[in-house]
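1. Sharing a sequence plus its predicted fold:
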Amino acid sequence: MSNPTQLAVVNFGPQRHNVELRDVPIPTIGENDVLLQVAAVGVCGSDLHMWTGDQGWKVAYPCILGHEFAGRIAGIGAGVKSFKLGDRVVSETAAVIDPENPMSRIGLYNLDPTRKGYGAAVDGAMTRFVRVPSRILHRVPDSLSLEKAALSEPCAVAYNATVINSSIQPGDRVVILGPGPIGMLCAAIARLRGAEVGLVGLERDRKRLDIAEKHYGCNPIIGDPTGWAGARDGLGADGVIDATGFSGSLKTAMEIVRPAGWITKVGWGPQPFNHSLDPLVQKNIRLQGSFSHNWPIWERVIQLLSSGQLNIDPVIGGQWKLEQWNEAFETMHSGEIVKAVLVNA
């Protein structure tokens with residue numbers, strides 16, 4: 001007798017648009033796992049990169065997409081003691097880690113080199129049921145919908161970049177390059193930190209920039225941010241967060257940041273940089289990478305979302321059924337919306 005199956009959005013090869021809806025087995029769970037019935041899954045910019053075949057990381061083909069997800073527990077392994085059937089939960093992305101790795105042992109399992117994430121190295125959540133180790137589950141408060149809880153993952157990425165890996169003081173002038181989902185959320189969180197924020201994009205990003213201005217009080221900038229960055233005293237911005245998918249934007253960041261300022265790079269870009277790094281030395285700039293998130297970051301983000309301090313309504317551009325994944329991808333890729341969410345009825 002064959003295993004029961006379910007529909008899933010599968011990335012089946014490295015070529016452009018090698019993604020389709022396929023019938024796949026419902027996963028079995030281990031002793032310390034839960035079977036999560038997915039209620040909602042966010043579409044990430046990385047999902048779009050894999051859909052267009054221009055990502056800068058390895059993918060274990062074929063692989064079910066989706067790493068931003070929340071739902072209800074539908075099955076529990078024998079070793080799971082802290083959750084019960086029906087619990088509303090959201091999952092982190094670190095599907096596989098080595099608990100003995102030095103980074104994992106100090107709580108930075110997101111930096112474990114053996115880490116495998118959902119939707120690229122391990123089958124993700126753009127489906128009905130997904131296997132999740134209980135160690136990366138967080139309870140979702142009743143005040144927070146599962147559709148919004150699913151987007152706590154990009155919020156955690158932005159929190160790590162903006163709060164943990166940047167040095168924002170109230171009153172700082174901060175430039176954020178790239179008005180994609182992560183850039184937009186970095187802008188929202190930087191505003192919560194008390195910064196004056198300039199969000200930079202292209203003409204095609206005007207709708208997103210308008211959202212950032214209207215709902216988060218950001219200064220929309222199309223094209224060159226030099227004038228806004230240096231408007232206070234001519235020396236440049238206190239800090240820059242690079243949330244673009246283009247390596248060359250780091251050159252812009254080095255040009256517009258003030259001496260003794262900082263740059264945090266959270267956007268992936270597989271292209272060669274092809275520019276001198278001498279400005280980092282000459283201006284005494286701190287360059288910091290920011291990757292993923294860990295347990296305490298998630299707990300803070302869930303509190304921000306459930307309390308309403310971080311309002312993500314403006315970034316949610318619509319909901320689509322799983323079977324309508326292609327329309328959701330196309331709409332988000334066009335720049336018409338910031339974020340698409342797939343839902344299971």
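-> Done, it's in.

2. got a pLDDT number for residue 142?
-> The confidence metric pLDDT takes the value 96 at residue 142.

3. What segments of the stretch 201-345 of the chain are strands?
-> Listed in chain order, the strands of the stretch 201-345 of the chain (DSSP state E, counting those that start in this stretch) span 219-222, 237-242, 257-265, 286-289, 316-321, 339-343.

4. okay, those strands, which one's buried deepest?
-> Mean neighbours per residue, mean count of other Cβ atoms under 10 Å, is largest over the strands of the stretch 201-345 of the chain for strand 237-242, with a mean of 29. For every residue, glycine as well, the C-beta is placed using N, CA and C.

5. so where is the chain shaky, pLDDT-wise?
-> Applying pLDDT under 70 to the chain flags residues 1-2.

6. any chance of the strands of the stretch 201-345 of the chain in CSV, with distance to residue 71 too?
-> Below are the strands of the stretch 201-345 of the chain laid out as CSV (distance: least, Cβ to Cβ, whole Å):
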stretch, distance to residue 71
strand 219-222, 35
strand 237-242, 31
strand 257-265, 32
strand 286-289, 31
strand 316-321, 15
strand 339-343, 10
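
7. ok, how many other residues are close to the closest residue to residue 3 other than its chain neighbours?
-> Leaving aside its chain neighbours, residue 3 sits nearest to residue 25 (4.4 Å; criterion: Cβ to Cβ, 6 or more residues apart in numbering). For residue 25, the tally of surrounding residues (other Cβ atoms under 10 Å) stands at 13.

8. Name the residues linked to residue 25 by a beta bridge.
-> Residue 25 forms beta bridges with residue 5, as assigned by DSSP bridges.

9. Show the contacting residues for it.
-> Residues counted as contacts of residue 25 (Cβ atoms under 8 Å, 6 or more residues apart in numbering) are 3-6.

10. By neighbour count, which of these wins?
-> Going by other Cβ under 10 Å, residue 6 tops the contacts of residue 25 with 18 neighbours.

11. From residue 8, how far out is the closest residue to it other than its chain neighbours?
-> Once flanking residues are discounted, residue 6 sits nearest to residue 128: 4.3 Å by Cβ to Cβ, 6+ apart. Distance, residue 128 to residue 8, by Cβ to Cβ, to the nearest Å: 8 Å.
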